[in-house]
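[1] sequence and predicted structure, then a few things I'm wondering about:
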Amino acid sequence: MSSSADKPVVIVGAGNAAFCAALAAREKGAEVLILERAPEEESGGNSRFTAGAIRCVYNGVDDLRAIMPDLTDEEVARTDFGTYTREQFFDDMFRVTQFRTDPALCERLVGDSLDTMRWMRGKGLRFAPIYGRQAFKIDGKFKFWGGLTVEFWGGGPGLIEQHTAIAKKQGIRIEYGTRVTALIYDGHAVTGVRVKRGAETYDIAAKSVVLCSGGFESNTEWRTRYLGPGWELARVRGTRFNTGDGIRMALDIGASPAGNWSGCHAVGWDFNAPEFGDLTVGDNFQKHSYPFGIMVNATGRRFVDEGADFRNYTYAKYGRVILNQPGQMAWQIFDKKVTHLLRDEYRIKRVTKVSANSIEELATKLEGVDPKAFVDEIKAYNAAVKRDVPFNPNVKDARGTEGLAVNKTNWANTIEDGPFEAYQVGCGITFTFGGLRINPESGQVLDTDHIEIPGLYAAGELVGGIFYFNYPGGTGLMSGSVFGRLAGGHAA
Ligand SMILES: Cc1cc2nc3c(=O)[nH]c(=O)nc-3n(C[C@H](O)[C@H](O)[C@H](O)COP(=O)(O)OP(=O)(O)OC[C@H]3O[C@@H](n4cnc5c(N)ncnc54)[C@H](O)[C@@H]3O)c2cc1C
């Protein structure tokens, strides 16, 4: 009989959390086998669909230079990177989760974020500043806002390409098209996995197993069961392969569920986007420039404070708000004054867009919207804008509205200068917040008595207890990196 030392650490999934776990396990000298359900051309999970934005603590430009040695003096001179301290990251996590985030998991996430960035850089992963989406140029200088400054080189596709190349170089084996269907459990410890590959079903013995197989966002039935009625109507932003397998197989052997099982990350997403993500479009079905315009529903009325905060702190909860509108849709409206600020994703071919030179003309083009109510709403909105407060997209400018049933807090510009542009959005689900309970010191999965299950670890989207209600942009990749590294190291 072979000893456990001969057996590989088996990692389930091949997204960012999985690759970080694999690298950490390999660093400790273990044999590592990654099992990925998707065929190679569709592999990489949600991680591949991302823009690669990753949120980490940095105390100044020196911390950024350590992880982005390519940063030139000229870039540093023309950029105000600011800082993003531990305190800021904690504040953001506590505020957006309404103080529900598990303190120990949050401490691990925030506290290890910068060191994990340095560790990934040391493994060969490259990063770049997110000039395109997270900084506006004012008076010749770029200024970053919203705590999100760094992205993986090449975005999500670049992230997976880099991870795959580094893993292979390190002798980590990857089996694509191999779906893990169950954990092999002897009543005490996990000793392997059962897999299905094509027509074959077989068992693989493992020293330990790290579940990195994502949430249950692509499982229509679980979405309806746990998130609630109506969620079967959401579109999935990313991979079709995250159907909750890892969560289910762990629960089957007595793992403890944790976190916000009825909560998820969901955004405004092109109304005519397909059922699942399309890698040729990536995240470009999202429409995240709503803080500079307004959103109306089928009744022609605004229904949410589009300028409550920087989009990084509102976008992940507004998908749910849109899903709850009649017809599960909304139109985003912009006038000429702000269309130059719209993100690249508004300029793609597959977009549900109408334009018009007058508000009355626009009203007739907004499919599903009461035109008269819409025209009245625009008049009321324009009259309520605090025109004496200057507009500044880099800060929360307090240029709001007053006296409306739903006020806009920042970046309120009148909608009166044509041509006007309008974009129809529905709800796109990104990932689910509920998942497995882990030990924050080791990444080990806990059972319903909150005792570690020997041989079983988890990281990434399927860890419960970190996010509730909402989420600060760029934290998913950081979470997978921190907890993947932790779990992989301990699993080895
Ligand atoms: C469009 C989009 C844009 C995003 N943008 C960002 C961003 O810019 N920054 C950010 O931080 N986050 C972003 N996110 C969220 C981010 O993608 C996730 O938080 C993160 O990638 C999760 O990593 P993961 O490794 O846990 O899961 P994934 O990357 O989803 O990997 C899970 C893997 O498990 C595999 N799998 C599933 N079931 C099985 C099974 N039974 N057997 C074997 N394998 C299995 C899947 O095929 C998949 O490869 C975005 C998400 C989407 C969809």
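    That came in fine, so what should we check first?
[2] indicate the residue of the stretch 251-400 of the chain located nearest to the ligand.
    The stretch 251-400 of the chain approaches the ligand most closely through Asp283 (3.7 Å), counting by CB to the nearest ligand atom. The way it works is simple: take the backbone N, C-alpha and C, and place the C-beta from them, glycine included.
[3] check which helix or strand that residue maps to.
    Using DSSP states H and E, Asp283 falls within no helix or strand.
[4] who touches it in this structure?
    Contacts here follow CB atoms under 8 Å, 6 or more residues apart in numbering; on that basis Asp283 touches 49-51, 156, 237, 345.
[5] 10 Å instead, please
    Counting by CB atoms under 10 Å, 6 or more residues apart in numbering, Asp283 touches 46, 49-53, 155-156, 237-238, 267, 269, 277, 345, 428, 430.
[6] among the residues you listed, which ones are in strands?
    53, 267, 269, 428, 430 (DSSP state E).
[7] tally of neighbours for the residue nearest to the last one when sequence neighbours are not counted?
    Read it as Thr430. Once flanking residues are discounted, Thr430 sits nearest to His265: 4.0 Å by CB to CB, 6 or more residues apart in numbering. Using other CB atoms under 10 Å, His265 has 27 other residues around it.
[8] I'd say His265 and Glu461 touch.
    Yes: taking CB atoms under 10 Å as the definition, His265 is a contact partner of Glu461 at 9.2 Å.
[9] anything in contact with each of those two?
    The contact sets of His265 and Glu461 overlap at 46, 215, 217, 430-433, 467, 476 (CB under 10 Å, 6+ apart).
[10] neighbours of the residue lying closest to Ser358 once chain neighbours are set aside, just the number please.
    Using CB to CB, 6+ apart and skipping residues adjacent in sequence, the residue nearest Ser358 is Gly418, 6.0 Å away. Per other CB under 10 Å, the neighbour tally for Gly418 reads 15.
[11] next one: His450
    Neighbourhood size, His450 [other CB under 10 Å]: 10.
[12] repeat that for Lys168.
    Other residues close to Lys168 by other CB under 10 Å number 11.
[13] picking up where we left off before, the residue nearest to Ser358 and Phe374: what is the separation?
    15 Å (CB to CB, to the nearest Å).
[14] quick check: Ile11 is in a helix.
    No: Ile11 sits outside any helix when classified using DSSP: H, G, I helix; E, B strand; the rest coil, being strand.
[15] would you confirm that it contacts Ile34?
    Yes: counting by CB under 10 Å, Ile11 touches Ile34, with 4.7 Å between them.
[16] find residues that contact each of those two.
    Shared contacts of Ile11 and Ile34, defined by CB under 10 Å, 6+ apart, comprise 18-19, 21-22, 167, 172, 174, 210, 212.
[17] quick one: these as JSON lines, columns for secondary structure and neighbour count too.
    Formatted as JSON lines, the shared contacts of Ile11 and Ile34 follow (DSSP: H, G, I helix; E, B strand; the rest coil; neighbours: other CB atoms under 10 Å):
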{"residue": "Ala18", "secondary structure": "helix", "neighbour count": "34"}
{"residue": "Phe19", "secondary structure": "helix", "neighbour count": "32"}
{"residue": "Ala21", "secondary structure": "helix", "neighbour count": "36"}
{"residue": "Ala22", "secondary structure": "helix", "neighbour count": "30"}
{"residue": "Ala167", "secondary structure": "helix", "neighbour count": "22"}
{"residue": "Ile172", "secondary structure": "coil", "neighbour count": "24"}
{"residue": "Ile174", "secondary structure": "strand", "neighbour count": "21"}
{"residue": "Val210", "secondary structure": "strand", "neighbour count": "37"}
{"residue": "Cys212", "secondary structure": "coil", "neighbour count": "34"}
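[18] of these, closest to Phe303?
    Cys212 (37.0 Å; CB to CB).
[19] surely the closest one touches Ile438?
    No: with contact defined as CB under 10 Å, Cys212 does not reach Ile438; the gap is 11.9 Å.
[20] out of the shared contacts of His265 and Glu461, which is nearest to the ligand?
    Nearest member of those to the ligand, counting by CB to the nearest ligand atom, is Gly476, at 2.2 Å.
[21] and the helix or strand that closest one falls within, anywhere near the ligand?
    Secondary structure assignment for Gly476, by DSSP H and E: helix 475-491. Yes: using CB under 6 Å from any ligand atom, helix 475-491 reaches the ligand at 475-477, 480.
[22] any chance of those in CSV, plus neighbour count, distance to Gly319 and pLDDT?
    Output for those, formatted as CSV (neighbours: other CB atoms under 10 Å; distance: CB to CB, whole Å; pLDDT from 0 to 100):
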residue, neighbour count, distance to Gly319, pLDDT
Thr475, 28, 16, 97
Gly476, 27, 14, 98
Leu477, 27, 19, 98
Gly480, 29, 21, 98
